[in-house]
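Undergrad: predicted coordinates and the sequence they were generated for:
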Amino acid sequence: MGMFLEKVRCDDARVHGICLGTEVEKYRPKTLDNLIAHEDIIGTINRFISLDQFPHLLFYGPPGTGKTSTILATARRLYSTNEFNSMVLELNASDDRGIGIVRGEILSFASTRTVFTKRFKLIILDEADAMTQDAQNALRRVIEKYTDNARFCMICNYLSKIIPALQSRCTRFRFGPLSTEQMLPRIKHVIEEEGVQISSKGIDAIVELSEGDMRKSLNILQSAFMAFASKDGLITENEVYQCVGAPQKSIITEIMGTLMNDDVFAAYR
């Protein structure tokens, strides 16, 4: 029943625009030049590639700040389309947190040399901070043994959950939250491409509620679009807040003013 309802929502949304269910992946930057922030990190990675001195990497910071997009764009620069599948292994460490994934798929990929190239393989471990300490210790040994054949990029939200022995073997980059100036052009581009009708205050509300998380902003846009696609007119600021279930600033200001300036009984009412 749930899948049927989701299909109905998407079909209904397409009448008024397009189903936004895959917008996060659809609009993920494909090249390093298309990334909207962290120019210093991108510049350093470009130098690593140009100088043929590519280290193990550790990307950390809040969700939706471009960590996964950056390493995937880097992989596309390192390898051709035909090489990509044989040279890049992308895993979400939260799917299998234990030592088995390290001794199995990761070890097998890292230890196997490709026949037609001497270049290193790339292993991307997303949500690496979900791995157990035993798994991280096993990963350290794999990294030490197969550095000539493979490079690792670990991605996490919390650096403190990565053991020091792994941290010390990687070049670390912190990805901070995106600024409003960085997010607005990309959000407006998606809105224009998808034909979403939304007010300027509605867009501002999306940026504010997403708190520097680009993925969250697109998910909020999707929610507002799916909830209000069948109505006439623009998606408003109030409707964006409704989708998220967050109170507007004006309401919070009014409540605080009442609490601070009125008597107890007036504030209670």
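TA: Great, that's in hand. Residues are numbered from 1 along each chain as shown.
Undergrad: just checking, F228 touches E239?
TA: Yes. Because the distance of 5.3 Å satisfies Cβ atoms under 8 Å, F228 is recorded as touching E239. In this view, the C-beta of every residue, glycine as well, is placed from N, C-alpha and C.
Undergrad: out of these two, which sits in the more crowded spot?
TA: Between F228 and E239, counting by other Cβ atoms under 10 Å, F228 is the more crowded of the two (22 against 19).
Undergrad: state the distance from that one to Q242.
TA: As judged by Cβ to Cβ, to the nearest Å, F228 and Q242 stand 9 Å apart.
Undergrad: residues touching G202, list them.
TA: Applying Cβ atoms under 8 Å, 6 or more residues apart in numbering to G202 gives the contacts A224, L234, I235, T236, E237, E239, V240.
Undergrad: what's the local residue count around F116?
TA: Neighbour tally, F116, other Cβ under 10 Å: 7.
Undergrad: as a markdown table, the contacts of G202 with pLDDT would be great.
TA: Converted to a markdown table, the contacts of G202 look like this (pLDDT from 0 to 100):
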| residue | pLDDT |
| --- | --- |
| A224 | 90 |
| L234 | 87 |
| I235 | 91 |
| T236 | 90 |
| E237 | 90 |
| E239 | 90 |
| V240 | 92 |
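Undergrad: quick one: which of the residues you listed is nearest to Q182?
TA: Nearest to Q182 among the contacts of G202 is V240, at 19.5 Å by Cβ to Cβ.
Undergrad: where's that closest one, which helix or strand?
TA: In this assignment (DSSP states H and E), V240 forms part of helix 237-244.
Undergrad: list the buried residues for that helix?
TA: E237, E239, V240, Y241, C243, V244 (16 or more other Cβ atoms under 10 Å).
Undergrad: what's the answer for stretch 50-61, then?
TA: By neighbour count on 16+ other Cβ under 10 Å, the buried set for stretch 50-61 is F54, H56, L57, L58, F59, Y60, G61.
Undergrad: what do you get for stretch 159-170?
TA: I162, L166, R169, C170.
Undergrad: pLDDT weak spots in the protein?
TA: For the chain, applying pLDDT under 70 flags the ranges 1-23, 229-232, 250-255, 258-259, 262-269.
Undergrad: the most centrally placed residue in it: what's it in contact with?
TA: The structure's the chain has its C-alpha centroid closest to G64; by Cα atoms, centre = their mean the separation is 3.5 Å. Going by Cβ under 8 Å, 6+ apart, G64 touches L178, S210, G212, D213, M214, R215, K216, S217.
Undergrad: excluding its backbone neighbours, what's nearest the third one?
TA: Think G212. Leaving aside its chain neighbours, G212 sits nearest to P177 (2.5 Å; criterion: Cβ to Cβ, 6 or more residues apart in numbering).
Undergrad: does that neighbour touch P62 like I think?
TA: Yes. If you go by Cβ under 8 Å, P177 and P62 touch, sitting 5.6 Å apart.
Undergrad: common neighbours of the two, please.
TA: G212, D213.
Undergrad: ok, so what distance separates G98 from A110?
TA: Counting by Cβ to Cβ - G98 and A110 are separated by 17 Å.
Undergrad: how far off centre is stretch 58-65?
TA: Mean-position distance between stretch 58-65 and its chain equals 8 Å (Cα atoms, centre = their mean, to the nearest Å).
Undergrad: C-alpha coordinates for that stretch, PDB please?
TA: Output in PDB follows, covering the C-alpha atoms of stretch 58-65 (Å, rounded to 0.1, in the frame of the first residue of the first chain):
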ATOM      1  CA  LEU A  58      39.800  11.400   5.400                       C
ATOM      2  CA  PHE A  59      36.800  13.700   4.800                       C
ATOM      3  CA  TYR A  60      34.800  14.700   7.900                       C
ATOM      4  CA  GLY A  61      32.100  17.200   8.800                       C
ATOM      5  CA  PRO A  62      28.300  17.600   8.900                       C
ATOM      6  CA  PRO A  63      26.000  15.800   6.400                       C
ATOM      7  CA  GLY A  64      25.200  17.400   3.100                       C
ATOM      8  CA  THR A  65      28.400  19.400   2.800                       C
END
